[in-house]
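Peer 1: Whatever this is, show me its structure:
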Amino acid sequence: MQTFKLLGLPGLAFEQVANKLDAFKIIVLTTVSKKFKRKIQGVKLKVSTLKWNYPCSININSSQGSIGIEISGSAGGEIKRINGTPVRIDTFPINSHQTQLFVNPACPSSTRLTVMEDVTIHLLSIFQVRHFNFVLWDKTLNPDISSIFIWKYCQDFLNFYLCDTLRPQISPEEMTFLSRNVKAETLHIGKLTTNFQHKETFNCKQLELINPCWATPECLNSDQYTDMIIRTQSSTYNHFFNGVLKNWMQGRHQKLESFFATTSLWIGRTTLDGIEQIPTSFSKEELQLRSRYWHPEIGCVDIRRPTDGRLATVQMSYESILLLGWHEKHFEHVSEETKTKLRRLKLI
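Peer 2: Residues are numbered from 1 along each chain as shown. Below is the predicted model:
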């Protein structure tokens, strides 16, 4: 087999070879060769996602596989430099498609968070990232969410998660910061320790809330939301659905496709009082296609709002409630028999 000097290749040939290297090899090589790093920076290879698991690790996913970069305080590994900072790097192959890279502070002035930011800067200098994800596991190292370093590099996410592992204390200022500065396809907020009520909406399409004692119906009143999921342990949260239903009937929530709430103590069917409803015309299979979290049961009803005639299917049980808004794209997966029923009832 004929060999060649990689760094001596012209630009296009180098790019073709570099595209066949996995992310792990590229990361390691850019820590040991400044010349290789400069050439890679001129190529900016594409990766599908970069995910911060704050404050523990960073994950990179590409077509060649995935790599997890653990940030810890151990002293093992060979000393290299990332973003000019000396760090200890060790590797552990998990399988043919996944490798674990351990990056640890190598000098007293470095901390886990400063190393995590240095790794972030390094990765963004050599990769073109399509989507960013963020998971906040523990905020004790950085008590104020607004001061986390990631905002310097990204405020637009595919998925943004505030997890409930430690039920972190969140201030009203931090929640306001999230409302005004974070954009995400999916925003998930787990159990939090709070002592305030939040009224501002969020800049996301899918909103998932777990026991949101801090939330008010106002923060659900956004025309951006396509899907809302609320999981609670109290019967008092049926006012969330009441608020969403009232606004939907008045012509708001133009993009809403589904609202799902589950609780241990739901209060009956009173929320549909005064709204004309008929047994659903959709089959069990057609309804199942619309929901990941719910299985159709007897008792589904169809309702239509007076403002523009949009149709919705609602099911309420003792423990959950679901509203499915029907948009034109959804009727592509509905049978002609169902469409005939809906036309006969003048629902479409």
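
Peer 1: Pretty sure Leu123 sits against Ile58.
Peer 2: Yes - in this structure, Leu123 is within contact of Ile58 by C-beta atoms under 8 Å, at 7.0 Å. No exception for glycine: its C-beta is placed from N, CA and C like everyone else's.

Peer 1: Please tell me I have it right and Lys339 contacts His333.
Peer 2: No - using C-beta under 8 Å, Lys339 is not in contact with His333, being 11.1 Å away.

Peer 1: which residues of the stretch 1-150 of the chain score low on pLDDT?
Peer 2: For the stretch 1-150 of the chain, the stretches with pLDDT under 70 are 1-11, 13, 17, 73-76, 93-98.

Peer 1: 80 - rerun?
Peer 2: 1-22, 44, 64-65, 72-79, 86, 90-99, 105-106, 108-110, 139-143 (pLDDT under 80).

Peer 1: show me where it has strands.
Peer 2: 45-54, 57-62, 65-71, 78-82, 85-95, 98-105, 127-136 (DSSP state E, counting those that start in this stretch).

Peer 1: Reformat these as JSON lines; add distance to Ile278 and mean neighbour count.
Peer 2: Formatted as JSON lines, these follow (distance: least, C-beta to C-beta, whole Å; neighbours: other C-beta atoms under 10 Å):
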{"stretch": "strand 45-54", "distance to Ile278": "44", "mean neighbour count": "19"}
{"stretch": "strand 57-62", "distance to Ile278": "46", "mean neighbour count": "20"}
{"stretch": "strand 65-71", "distance to Ile278": "49", "mean neighbour count": "21"}
{"stretch": "strand 78-82", "distance to Ile278": "63", "mean neighbour count": "15"}
{"stretch": "strand 85-95", "distance to Ile278": "54", "mean neighbour count": "15"}
{"stretch": "strand 98-105", "distance to Ile278": "52", "mean neighbour count": "20"}
{"stretch": "strand 127-136", "distance to Ile278": "42", "mean neighbour count": "18"}
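
Peer 1: and those strands as a markdown table, adding distance to Leu192?
Peer 2: Putting the strands of the stretch 1-150 of the chain into a markdown table (distance: least, C-beta to C-beta, whole Å) gives the following:
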| stretch | distance to Leu192 |
| --- | --- |
| strand 45-54 | 16 |
| strand 57-62 | 22 |
| strand 65-71 | 24 |
| strand 78-82 | 33 |
| strand 85-95 | 33 |
| strand 98-105 | 30 |
| strand 127-136 | 11 |
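
Peer 1: between these, which gets nearest to Ala184?
Peer 2: strand 127-136 (8.4 Å; C-beta to C-beta).

Peer 1: helices and strands around the closest one, which ones?
Peer 2: Using 3 or more C-beta pairs under 8 Å, 6 or more residues apart in numbering; DSSP states H and E, the elements in contact with strand 127-136 are strand 45-54, strand 156-162.

Peer 1: Please list the residues outside it that contact it.
Peer 2: Residues from elsewhere that reach strand 127-136 (C-beta atoms under 8 Å, 6 or more residues apart in numbering): 23, 26, 44-54, 60, 123, 145, 148, 150, 154, 156-163, 168.

Peer 1: so what's in contact with Leu123 and Ile58 at the same time?
Peer 2: Taking C-beta under 8 Å, 6+ apart as the criterion, Leu123 and Ile58 both touch Leu50.
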